[in-house]
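Q: Curious how this folds, go ahead:
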Amino acid sequence: MILLLHLCITAPMLLGNERPTQANYSVGTKNSEQDAENSAKEDRVWLLSTRQLVSRASQVNLEEPQFSVSLQTGENRFQPVAVNDFLDALHERKKAVVYVHGNRFTASDAIERGLLVYENVAKHSIQQPLDWIIWSWQSDKSGILAHDARLKALRTEGQGLYLAWLLRQHTSRKISTTLVGYSFGGRVVTGALHALAGGSLGGVSMGDKTIQGAPINTGLIAPAIDSLWLDDRGYHRLATQNMNRLTLLYNRRDAILKRYWLIDRVQGRLALGYTGPRSFAPRADGSTLPVISRDCSNAIGVKHDELYYFQKSCNAGREIAKLINEQPTFE
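A: Take a look at the predicted model:
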């Protein structure tokens, strides 16, 4: 049973391996093929760490969170950058991706995984220079697996609020943003979109500093969230208010997510990353959320490991690249 609660990466594969305004967007035009080929050379990779911050929702600082931000300047080298300088730099290009890793990642694991996912996405001809942001949160191994999974589930609420703060900054600076989350990282992503739209996490909301109608393209890989949290009565029900489209990669044979209900000890609870699409609340304009989904069980089998989604026929890199290329931009 302990093994089946292990919402995490597998070490061998790694080593081999959380007052409404209406956002105004339009779909950007495509660059030339030559620009697409050269864009990766101009990409920037950022590391945004919240590991030093409290993750309890009731204690998060939503006025001026002290994120630790750095820019990759070479292989295994990152240069610290002030948060405002980071946001100003993103504003120059106005197109960013935030990638949120799953459970049981150390700080170095998060960097390694974030870079690996970036490389798998960037090879699919992103159509303009990209700012890739690795969201590093405190998900290191902590005690026995059952306790660990429940602790990290609680931490995703504070992380969702922090990410909602960042998304609000992006919107005010007209930075179009694509979100990608794996496992508990998916829980952070949908929680952030929910909080951004005015929802609460752990009893805490963004107050009157919220946004509805920001059509953010969202990619969820084996998300460790309740399969009905995104419906019109779910815990993250307002998340779709800030989604343009959703790509969901899931696995109906995932041996870890099959036991998702053990986190809250409620029989019958199923993970979205296990069931695939069920029910989704409408978008801000009342329209149906476009969802592209794929059951990757034939390629992955029983494993709960993100890298299989990229290395097998599921081809997560290509799907995320599509989300980025089709991300609506501000007018």
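Q: Would you agree Ala89 falls within a strand?
A: No - the assignment for Ala89 (DSSP: H, G, I helix; E, B strand; the rest coil) gives helix, which keeps it out of a strand.
Q: Convert the C-alpha atoms of stretch 308-316 to PDB, please.
A: This file holds the C-alpha atoms of stretch 308-316, laid out as PDB (Å, rounded to 0.1, in the frame of the first residue of the first chain):
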ATOM      1  CA  TYR A 308       7.400   8.000 -20.300                       C
ATOM      2  CA  TYR A 309       4.900  10.600 -21.600                       C
ATOM      3  CA  PHE A 310       7.800  12.200 -23.600                       C
ATOM      4  CA  GLN A 311       9.700   9.100 -24.600                       C
ATOM      5  CA  LYS A 312       6.900   6.900 -25.800                       C
ATOM      6  CA  SER A 313       4.300   7.300 -28.500                       C
ATOM      7  CA  CYS A 314       2.300   9.700 -26.300                       C
ATOM      8  CA  ASN A 315       4.600  12.500 -27.500                       C
ATOM      9  CA  ALA A 316       4.000  15.000 -24.800                       C
END
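Q: how near is Leu259 to Gln138?
A: Careful, residue 259 is Arg; it's not Leu. Using CB to CB, to the nearest Å, one obtains 23 Å as the distance from Arg259 to Gln138. (C-beta placed from N, C-alpha, C; glycine too.)
Q: Ok, Ala224 next?
A: In this view, Ala224 and Gln138 are 16 Å apart by CB to CB.
Q: of these two, who's got more company?
A: Using other CB atoms under 10 Å, the more surrounded residue of Ala224 and Gln138 is Ala224, with 29 against 21.
Q: Quickly find the element holding the more buried one.
A: If you go by DSSP states H and E, Ala224 is not part of any helix or strand.
Q: same check, this time on the one 4 residues further on
A: Here Leu228, judged by DSSP H and E, is contained in no helix and no strand.
Q: Can you tell me the closest non-neighbouring residue to it?
A: On the basis of CB to CB, 6 or more residues apart in numbering, the spatially nearest residue to Leu228 that is not a chain neighbour turns out to be Gly234, at 5.1 Å.
Q: same question, Asp43
A: Once its chain neighbours are removed from consideration, Asp43 has its nearest residue in Leu130; the separation is 4.6 Å (CB to CB, 6+ apart).
Q: Does that neighbour touch Asn325 like I think?
A: No - using CB atoms under 8 Å, Leu130 is not in contact with Asn325; the gap is 10.1 Å.
Q: Who has more neighbours out of the two?
A: Using other CB under 10 Å, the more surrounded residue of Leu130 and Asn325 is Leu130, with 23 against 19.
Q: could you pull out the helices for the chain?
A: Remark: helices of the chain, listed N- to C-terminal, are 11-15, 33-42, 83-93, 107-122, 145-172, 184-196, 272-275, 297-300, 306-311, 316-325; assignment by DSSP state H.
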